[in-house]
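S.K.: Sequence and computational prediction follow.
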Amino acid sequence: MAEIALEHVTKRYGDGFEAVKDLNLDVADGEFMILVGPSGCGKSTALRMVAGLEDITDGELKIGGQVVNDKTPKDRDIAMVFQNYALYPHMTVRENMGFALKLAKTPQEEIDKKVNEAARILDLEQHLERKPANLSGGQRQRVAMGRAIVRNPSVFLMDEPLSNLDAKLRVQMRTEISRIQQRLETTTIYVTHDQTEALTLGDRIAVMRAGVLQQVGPPAELYGHPKNLFVAGFIGSPSMNFLGGEIDGDSIQLPFGTLPIPDALRGRLQSGPGGGRRGVIVGLRPEDFEDASLVGDRSRGVTFTAKIDVLESMGSEFYAYFNLESEKVSSRELEELAHDAGAADLPTQEGSQVVARLEAASQVRQGQEAELWFNSEHLQLFDPETGSTLLGTSGSESAPTATA
Amino acid sequence: MSVKARQRSGWSLAFIVVVVVSLVPVFWLLMLSLKTPASATDGSFIPHHWTLDNYRDIFKQSVFTAALRNSIGIGLISTALAVLLASSAAYAIARLDFPGKQTILAVALMVTLFPQVSLVGPLYNLWRQIGLFNTWPGLIIPYLTFALPLAIYVLSTFFREIPWELEQAAQIDGATPFQAFTKVIVPLAMPGLATTFIIVFLICWNDFVFAISLTATNAAMTVPAAIAQFPGVSQFTQPIGDIAAAAIVVTIPVMVLVLLFQRRIVAGLTAGAVKG
């Protein structure tokens, strides 16, 4: 059991490229911390520095209160699950899982006991004598997990352990990992590029971009109070809609109408950085939209009409896509997000495309005008220059945050 | 005939040609070794009188038995040393980034391309001066010189194909770099090591140039050189039968070696390490 502390950790390669810049992150004992971000954001490098597979250029890494910068992986008491599992092909499942214990000169009967125990947890008992080549992807993944848990390490490190599995298995293993981590209460750092995995698994999530930590917090905080455009766009699926808007005194001008700043926001807006009159980027979550005819009390939002271009039925809900006449908002962070999602290559449309999540009971039809309602209490406001939020977190809600 | 059938018969034909071309001389040699000395040059392919005299003969001669001992000894020592040194060097080249890595590989390639004949003269003089002439080390050193670069080349290719994550996993599992190498990399590189072993052994085993020039007596002369020194029954007879028998005998260790390692030289040993 150990807590992990990264203090001003930097990774600079020989050619001067900084993969991780001044990273400060505390992971509490037994906590499940997720490092998430688009590819190339430095999350894997950060993990490999904790593992001891990469040197730390600057800063300090502490595990259990001890500085371990110069310790080899074997002296850090960690276990790691690799993206491609890295099972030893010449060993059986039993030997794979017992390898670390054997190296540590553990008595054979104890090795057997621990391996059998882990195999039971992971439902691998009938495969113990098989070689990795004869296992399915999901089984290999479980062996990799097993190899980590038999050692009972103080820290688990997982580098995108589920990304090689197919979608259905991934969801299953996600639950499995969550269950195992809760049972063992081992401090865990889990790297992923999948924001769904991040939201569902983590006690806390650390979002990274281009080597810089953007925001750390529990899933709900990142979802409800993103610190900047990048976090707002990265967390949540479908992702947040961004529109150009303007604050004018007490009201906000949106592409679909002007509305008074809701009371819930006003306090936070004034306490937040900036405030006053100016152009802003407005962030709207798809789930804050609704078919107006299904909303009883419309007073907390705005009602407007839009022509639905595409309507996707998900069974339990609809995703409605429509365009709003608005200046296309642009910011470097948003471009990066779009690029990461592969959307940068898509033809750009006039105005801004907006996606709204509607209830399955909605009577909205594709290609027709529809009356929609938006709950303005949850809208997000960002500074178009810096991309940071204009809303402060409302007092007591703010959780312990690490500095970005 | 369908395209497929025509293709197959084409391949069969090519296969037969290759087998005939490579096996007929061996077969001819075998027949020659089974003839009596008098009928060796009678021009017929199949012996009129089958005999094992030639084989009995060569094993009675100390030239041959000593040479066989030298060949096996020198060959195995050179090969073992070469594989041992080359595997460490190749591992470093495959895994580490150090200045001069490309230079080392380039020099290694140059050495293998170097004409051996041009070295024989200088080595002969040098070896005589420092007392290495006609000794085992006197042959092992030049063999190592030429076998090492080749071995490094072959092995570094094999090591490069082994996923790096495996060593990292071993490190995390608590292995020292040496343990990671011996317990994870070496077992996986076994096909490569076996291949290298055979190639290097064949180089040493078949060498004639160094063997004939740097040795003089039973103390260090290897089989290829010794065969040329066989005495005839009389001054005027060619020991053709003996030479043929000796040539057949020396192919046996090579065949044994290949059969021994054959099971190791199978692809797909790394299957299942990472998601395939």
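M.R.: It's in.
S.K.: which parts of the stretch 101-250 of chain A sit against chain B?
M.R.: With the criterion set to C-beta under 8 Å from any C-beta of the partner chain, the stretch 101-250 of chain A comes near chain B through A:L103, A:A104, A:K131, A:P132, A:A133, A:N134, A:L135, A:G137, A:R140, A:R147, A:R151, A:N164. Bear in mind the C-beta positions are built from the backbone N, C-alpha and C, glycine included.
S.K.: next one: stretch B:59-73 to chain centre, how far?
M.R.: Stretch B:59-73 has its C-alpha centroid displaced from the chain centroid by 18 Å (C-alpha atoms, centre = their mean, to the nearest Å).
S.K.: ok, how many other residues are close to A:G217?
M.R.: 24 (other C-beta atoms under 10 Å in any protein chain shown).
S.K.: er, A:S293 actually
M.R.: A:S293, neighbours per other C-beta under 10 Å, totals 14.
S.K.: hmm, back to that, ok, of the residues of the stretch 101-250 of chain A next to chain B, which come out buried?
M.R.: A:L103, A:K131, A:P132, A:A133, A:L135, A:R140, A:R147, A:R151, A:N164 (16 or more other C-beta atoms under 10 Å in any protein chain shown).
S.K.: Please report the distance of B:I104 from A:G249.
M.R.: 73 Å (C-beta to C-beta, to the nearest Å).
S.K.: same deal with B:V19?
M.R.: 95 Å.
S.K.: ok, now B:Y124?
M.R.: In terms of C-beta to C-beta, B:Y124 sits 102 Å off from A:G249.
S.K.: Strands along the stretch 301-404 of chain A, start to end?
M.R.: A:301-313, A:317-324, A:352-359, A:369-375, A:380-382 (DSSP state E, counting those that start in this stretch).
S.K.: And the fourth one, what does it pack against?
M.R.: Counting contacts by 3 or more C-beta pairs under 8 Å, 6 or more residues apart in numbering or on different chains; DSSP states H and E, strand A:369-375 packs against strand A:289-291, strand A:301-313.
S.K.: can you tell me the average pLDDT over the first one?
M.R.: In this case it means strand A:289-291. The predicted model assigns strand A:289-291 a mean pLDDT of 90.
S.K.: Then stretch A:187-204?
M.R.: 92.
S.K.: neighbour count winner among B:Y124 and A:G249?
M.R.: Set B:Y124 next to A:G249 and count neighbours by other C-beta under 10 Å: B:Y124 wins out with 15 against 9.
S.K.: so which of the helices and strands packed on strand A:369-375 is the most packed in?
M.R.: Highest mean neighbour count among those (mean count of other C-beta atoms under 10 Å in any protein chain shown): strand A:289-291, with a mean of 21.
S.K.: Show me which residues of the stretch 51-200 of chain B sit near chain A.
M.R.: Residues of the stretch 51-200 of chain B lying near chain A (C-beta under 8 Å from any C-beta): B:163, B:165-166, B:168-176, B:179, B:183-184, B:187-188.
S.K.: Repeat the analysis, applying 10 Å as the threshold.
M.R.: By C-beta under 10 Å from any C-beta of the partner chain, the residues of the stretch 51-200 of chain B that approach chain A are B:97, B:162-177, B:179-180, B:183-184, B:186-188, B:190.
S.K.: Buried subset of those residues as a ChimeraX selection?
M.R.: Selection of buried members from these for ChimeraX, criterion 16+ other C-beta under 10 Å:
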select /B:162,163,165,166,167,168,169,170,171,172,173,174,175,180,183,184,186,188,190
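S.K.: Please flag which of the residues of the stretch 51-200 of chain B next to chain A sit within helices.
M.R.: The members of these that map onto helices under DSSP state H are B:164-172, B:177, B:179-180, B:186-188, B:190.
S.K.: least confident pick among the residues you listed?
M.R.: Where pLDDT dips furthest among those: B:M190, at 83.
S.K.: Double-check that residue against A:H90; I have them as touching.
M.R.: Yes: with contact defined as C-beta atoms under 10 Å, B:M190 reaches A:H90; the gap is 8.3 Å.
S.K.: Low-confidence ranges, chain B, go.
M.R.: Along chain B, the model assigns pLDDT under 70 to residues B:1, B:232-237, B:263-276.
S.K.: Packing partners of the lengthiest helix in it?
M.R.: Within chain B, and with DSSP H defining each element, the longest helix by residue count is helix B:62-95. With contacts defined as 3 or more C-beta pairs under 10 Å, 6 or more residues apart in numbering or on different chains; DSSP states H and E, the packing partners of helix B:62-95 are helix B:53-60, helix B:101-113, helix B:136-161, helix B:164-172, helix B:190-206, helix B:209-214, helix B:223-227, helix B:240-262.
S.K.: Any chance you could list what contacts the shortest one?
M.R.: For helix B:223-227, the external contacting residues (C-beta atoms under 10 Å, 6 or more residues apart in numbering or on different chains) are B:58, B:61-72, B:75, B:139, B:205-216, B:218, B:221, B:239, B:242-247, B:249-250, B:253.
S.K.: okay, now A:R300: neighbour count?
M.R.: For A:R300, using other C-beta under 10 Å, the count is 15.
S.K.: Spatially nearest residue to it, not counting backbone neighbours?
M.R.: A:E377 (5.6 Å; C-beta to C-beta, 6 or more residues apart in numbering or on different chains).
S.K.: circling back to that earlier point, nearest to A:L157, of the helices and strands packed on helix B:62-95?
M.R.: helix B:164-172 (8.2 Å; C-beta to C-beta).
S.K.: could you dump that closest one to PDB, C-alpha only?
M.R.: What follows is helix B:164-172 as a C-alpha-only set of coordinates in PDB (Å, rounded to 0.1, in the frame of the first residue of the first chain):
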ATOM      1  CA  TRP B 164      10.900  -5.100 -26.200                       C
ATOM      2  CA  GLU B 165       8.000  -5.200 -23.800                       C
ATOM      3  CA  LEU B 166       9.000  -8.700 -22.800                       C
ATOM      4  CA  GLU B 167      12.200  -7.500 -21.200                       C
ATOM      5  CA  GLN B 168      10.400  -4.600 -19.600                       C
ATOM      6  CA  ALA B 169       7.900  -7.000 -18.200                       C
ATOM      7  CA  ALA B 170      10.700  -9.100 -16.900                       C
ATOM      8  CA  GLN B 171      12.300  -6.000 -15.400                       C
ATOM      9  CA  ILE B 172       9.100  -5.100 -13.700                       C
END
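S.K.: separation between B:R56 and B:H49?
M.R.: For B:R56, the distance to B:H49 - C-beta to C-beta - is 15 Å.
S.K.: now swap in B:F133 and tell me
M.R.: 43 Å.
S.K.: Give me the more crowded residue out of those two.
M.R.: Ranked by neighbour count (other C-beta under 10 Å), B:F133 and B:H49 place B:F133 first, with 18 against 10.
S.K.: Surely the more buried one forms part of a helix?
M.R.: No: counting by DSSP: H, G, I helix; E, B strand; the rest coil, B:F133 is located in no helix; its state is coil.
S.K.: Now do the same contact list for the closest residue in space to it that isn't next to it in sequence.
M.R.: Sequence neighbours aside, B:W127 is the residue nearest to B:F133 in space, at 4.1 Å (criterion: C-beta to C-beta, 6+ apart). The contact partners of B:W127, taken as C-beta under 10 Å, 6+ apart, are B:F133, B:N134, B:T135, B:P137, B:G138, B:L139, B:I141, B:P142, B:S213, B:L214, B:T215.
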